[in-house]
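J.: can't give you the sequence, but here's the structure:
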């Protein structure tokens with residue numbers, strides 16, 4: 001099978017990580033692959049150069065996969081002159097981070113692509129919920145063309161285990177973008193509710209690029225002085241994949257108060273490292289955290305919101321710029337996590353020293369390269 005794969009596989013982002021692993025999985029499975037990278041090509045933080053045999057042009061591919069943001073997928077086809085029904089099978093591989101995707105996002109996907117792939121069951125439900133404005137017949141047709149293709153990992157690669165050192169503190173950690181959806185402020189408030197300055201705990205928050213001003217402003221929103229807070233440490237520098245792996249191995253419990261996730265790659269990495277997890281129930285991470293000992297906390301459906309930044313527009317004028325997922329607005333729903341439940345789960349984890357995650361299924365059998373590549377081959381034959 002000859003596959004042309006448009007993706008961000010050269011970038012150290014969630015889309016980049018997912019695409020790179022998918023490319024290696026398909027290559028190992030014997031697919032003839034041409035990876036066409038999109039977006040910046042000079043990312044200094046990208047540690048994963050693609051081998052030349054994965055980027056060599058392939059004439060007349062059997063399948064074209066476009067792996068990017070949902071509002072950009074059809075634009076790639078337009079730029080390349082590709083049309084559904086006039087050449088290779090067209091696949092959109094994308095995500096949506098809220099509970100339902102708006103028609104403006106969904107309809108172009110099903111109009112221009114033969115199949116739509118998403119990483120999790122909640123995302124599949126979000127994608128098909130508003131198709132054809134409630135038409136049951138069209139929704140059923142969309143569901144038949146929607147396939148869950150999860151993030152995968154190299155089950156054959158050695159996973160180095162960093163030497164664990166007991167510091168006397170139970171170490172929580174969080175990894176993510178400092179955004180409304182990821183909700184670091186909610187996590188900080190839950191942590192401040194669960195613990196005081198004398199408790200033997202620590203929360204490390206790894207968010208490359210966030211300013212210390214933003215971090216300290218978020219701490220101040222708790223209404224507590226610095227000496228009234230439990231230990232919270234900011235890590236805001238870009239670090240290597242091996243350093244992130246060490247974070248998973250050396251810490252005790254991954255925590256998140258996220259409002260929306262199509263997958264949640266840091267939580268998946270925590271699972272692979274065997275770390276206990278506390279996060280929101282009802283999101284994409286359920287696909288790999290159900291049937292484990294993770295604490296999945298309830299949430300309430302709530303209107304979404306985007307981040308807003310003040311930018312200079314020239315001549316001393318300032319303007320507001322919104323930052324958020326394409327199409328996300330207050331007319332989208334996400335889950336507002338129960339911070340009291342998250343605080344209780346963190347407190348229990350620290351008291352009981354719940355460091356190890358118990359997993360009641362075969363992780364490699366569901367998410368390893370071989371398993372996911374086999375799934376992809378089966379899906380493409382439909």
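T.: Thanks, I have the structure now. As the structure is a computational prediction, the values presented were derived from the model and not from experiment.
J.: ranges for the helices of the stretch 101-250 of the chain?
T.: In the stretch 101-250 of the chain, the helices defined using DSSP state H, counting those that start in this stretch lie at 103-112, 121-128, 136-144, 184-194, 212-220, 241-250.
J.: With mean pLDDT, distance to residue 204 and mean neighbour count added, can I get those in CSV?
T.: From N, CA and C alone the C-beta is placed, and that goes for glycine too. As requested, the helices of the stretch 101-250 of the chain are arranged in CSV below (pLDDT from 0 to 100; distance: least, CB to CB, whole Å; neighbours: other CB atoms under 10 Å):
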stretch, mean pLDDT, distance to residue 204, mean neighbour count
helix 103-112, 89, 35, 18
helix 121-128, 92, 28, 22
helix 136-144, 66, 41, 13
helix 184-194, 98, 11, 22
helix 212-220, 97, 12, 14
helix 241-250, 91, 7, 16
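J.: Just tell me which of those ends up closest to residue 328.
T.: helix 103-112 (9.1 Å; CB to CB).
J.: other SSEs contacting the closest one?
T.: Counting contacts by 3 or more CB pairs under 8 Å, 6 or more residues apart in numbering; DSSP states H and E, helix 103-112 packs against helix 73-80, strand 89-93, helix 121-128.
J.: how about the ones you listed in TSV, adding distance to residue 172?
T.: Output for the helices and strands packed on helix 103-112, formatted as TSV (distance: least, CB to CB, whole Å):
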stretch	distance to residue 172
helix 73-80	36
strand 89-93	33
helix 121-128	25
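J.: picking that back up, any chance of the helices of the stretch 101-250 of the chain in TSV, with distance to residue 31 too?
T.: Formatted as TSV, those follow (distance: least, CB to CB, whole Å):
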stretch	distance to residue 31
helix 103-112	23
helix 121-128	23
helix 136-144	24
helix 184-194	39
helix 212-220	43
helix 241-250	25
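J.: For burial, what's the neighbour tally of the nearest residue to residue 90 once chain neighbours are set aside?
T.: Excluding the flanking residues, the one nearest residue 90 by CB to CB, 6 or more residues apart in numbering is residue 113, at 4.7 Å. Residue 113 sits with 24 neighbouring residues when counted by other CB atoms under 10 Å.
J.: For residue 113, give me its contacts.
T.: 66, 73, 74, 77, 84, 90, 91, 92, 145 (CB atoms under 8 Å, 6 or more residues apart in numbering).
J.: Just the buried ones from those residues, in PyMOL syntax?
T.: Selecting only the buried entries of the contacts of residue 113 in PyMOL, with 16 or more other CB atoms under 10 Å as the criterion:
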select buried, resi 66+73+74+77+90+91+92+145
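J.: could you dump the contacts of residue 113 to JSON lines with pLDDT and distance to residue 209?
T.: Converted to JSON lines, the contacts of residue 113 look like this (pLDDT from 0 to 100; distance: CB to CB, whole Å):
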{"residue": "66", "pLDDT": "97", "distance to residue 209": "27"}
{"residue": "73", "pLDDT": "94", "distance to residue 209": "26"}
{"residue": "74", "pLDDT": "93", "distance to residue 209": "30"}
{"residue": "77", "pLDDT": "94", "distance to residue 209": "32"}
{"residue": "84", "pLDDT": "91", "distance to residue 209": "38"}
{"residue": "90", "pLDDT": "97", "distance to residue 209": "34"}
{"residue": "91", "pLDDT": "97", "distance to residue 209": "32"}
{"residue": "92", "pLDDT": "97", "distance to residue 209": "29"}
{"residue": "145", "pLDDT": "89", "distance to residue 209": "37"}
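J.: Pull the most distant pair out of the contacts of residue 113.
T.: The span of these, defined through CB to CB, is set by 77 and 145 at 15.7 Å.
J.: hey, which helix or strand in the chain has the poorest pLDDT?
T.: Here the helix or strand of the chain ranked lowest by mean pLDDT, DSSP states H and E is helix 136-144, holding a mean of 66.
J.: pLDDT below threshold where in the stretch 251-382 of the chain?
T.: 324-325 (pLDDT under 70).
J.: if we go to 90?
T.: Applying pLDDT under 90 to the stretch 251-382 of the chain flags the ranges 305-329, 331-332, 381-382.
J.: how about the strands in it?
T.: Counting by DSSP state E, counting those that start in this stretch, the stretch 251-382 of the chain has these strands, from start to end: 253-255, 276-280, 295-297, 299-303, 307-314, 317-323, 333-337.
J.: For those strands, could you give me TSV that also reports distance to residue 164?
T.: Below are the strands of the stretch 251-382 of the chain laid out as TSV (distance: least, CB to CB, whole Å):
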stretch	distance to residue 164
strand 253-255	13
strand 276-280	14
strand 295-297	21
strand 299-303	32
strand 307-314	36
strand 317-323	37
strand 333-337	29
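J.: Let's have the ones you listed in CSV, adding mean neighbour count and distance to residue 368.
T.: As requested, the strands of the stretch 251-382 of the chain are exported to CSV (neighbours: other CB atoms under 10 Å; distance: least, CB to CB, whole Å):
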stretch, mean neighbour count, distance to residue 368
strand 253-255, 26, 21
strand 276-280, 27, 20
strand 295-297, 21, 23
strand 299-303, 14, 30
strand 307-314, 10, 35
strand 317-323, 10, 35
strand 333-337, 22, 29
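J.: what residue is smack in the middle of the protein?
T.: residue 264 (3.6 Å; CA atoms, centre = their mean).
J.: and residue 329, how many neighbours?
T.: 14.
J.: Surely it and residue 105 touch.
T.: No. In this structure residue 329 lies outside contact range of residue 105 using CB atoms under 8 Å: 10.9 Å.
J.: residues touching the residue lying closest to residue 267 once chain neighbours are set aside, list them.
T.: Excluding its sequence neighbours, the residue lying closest to residue 267 (CB to CB, 6+ apart) is residue 285, at 4.8 Å. Shown in contact with residue 285 (CB under 8 Å, 6+ apart): 120, 261, 263, 264, 267, 268, 279.
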